[in-house]
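Chemist: model this:
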Amino acid sequence: MNPELRSTLLKVAAPLLAIVVVLVVTKLRGISWRDVVGLRAPRVRQFVIWMLLWIVWVAVEEGAIRLLHLDQAHPWPQKDPLIIALRIAAIGILGPVAEELVFRGLLLGRLMATKLGVYGSVALIAAGWALIHVQYGWPTLLMIFLDGLILGAARVRSRSLYVPIAMHMAGNLFSICQSLSG
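Modeler: Take a look at the predicted model:
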């Protein structure tokens, strides 16, 4: 098998495995997908408001990136269309679903019931989520932390994990569009 295809398939398999593991473990442990994980439909108005806020936030971040000369999304070299499609699926769709299920679904849903409360839980989850993106420099990690705070607020206020999943997908797909356009 082509090494690049193998590597890309692993990028698809990892979030898929994470999604399955979270769903199976929560089901086996009797953890409510609706109440704890947040797998419930949001109100349309809340969904639209959070998506609009996210678009504004991403625009502010883009301005800060340019103003502060921070790392931009790196252009993707020309690749086989199958590789591109699989990478879009992995980074733009499956990755956000997996990360949100783990961080703002299961972990945040469980931590909010502890002494940390809502604010402490959102901040701790945002910090942990930023740290898994350690491949980026500190300024980018700070932005990812702030993204995590906003995604956490969206999860808490909307009571739906679907809202931060959609926001996260939109951000990643925007970054992919930047990378594909060179």
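
Chemist: CA only for contacts and neighbour counts going forward, please
Modeler: Noted.

Chemist: now what about stretch 160-176, what contacts it?
Modeler: 37-42, 47, 50-51, 54, 58, 73, 88, 91-93, 96-97, 100-101, 104-105, 151-152, 154-155 (Cα atoms under 8 Å, 6 or more residues apart in numbering).

Chemist: Just the ones in helices from these, please.
Modeler: Phe47, Trp50, Met51, Trp54, Val58, Pro96, Val97, Glu100, Leu151, Gly152, Ala154, Arg155 (DSSP state H).

Chemist: so which strand or helix has the residue nearest to the third one when sequence neighbours are not counted?
Modeler: Taking Cα to Cα, 6 or more residues apart in numbering as the measure, Met51 lies nearest to Met167, with 6.2 Å between them; neighbours along the chain are not counted. Counting by DSSP states H and E, the element that carries Met167 is helix 162-180.

Chemist: what secondary structure does Gly63 sit in?
Modeler: helix (DSSP: H, G, I helix; E, B strand; the rest coil).

Chemist: Pull the number of nearby residues for Gly148.
Modeler: 26 (other Cα atoms under 10 Å).

Chemist: residues touching the nearest residue to it once chain neighbours are set aside, list them.
Modeler: Distances taken as Cα to Cα, 6+ apart place Ala126 nearest to Gly148, at 4.3 Å, with adjacent residues excluded. Shown in contact with Ala126 (Cα under 8 Å, 6+ apart): Ile144, Phe145, Leu146, Asp147, Gly148, Leu149, Gly152.
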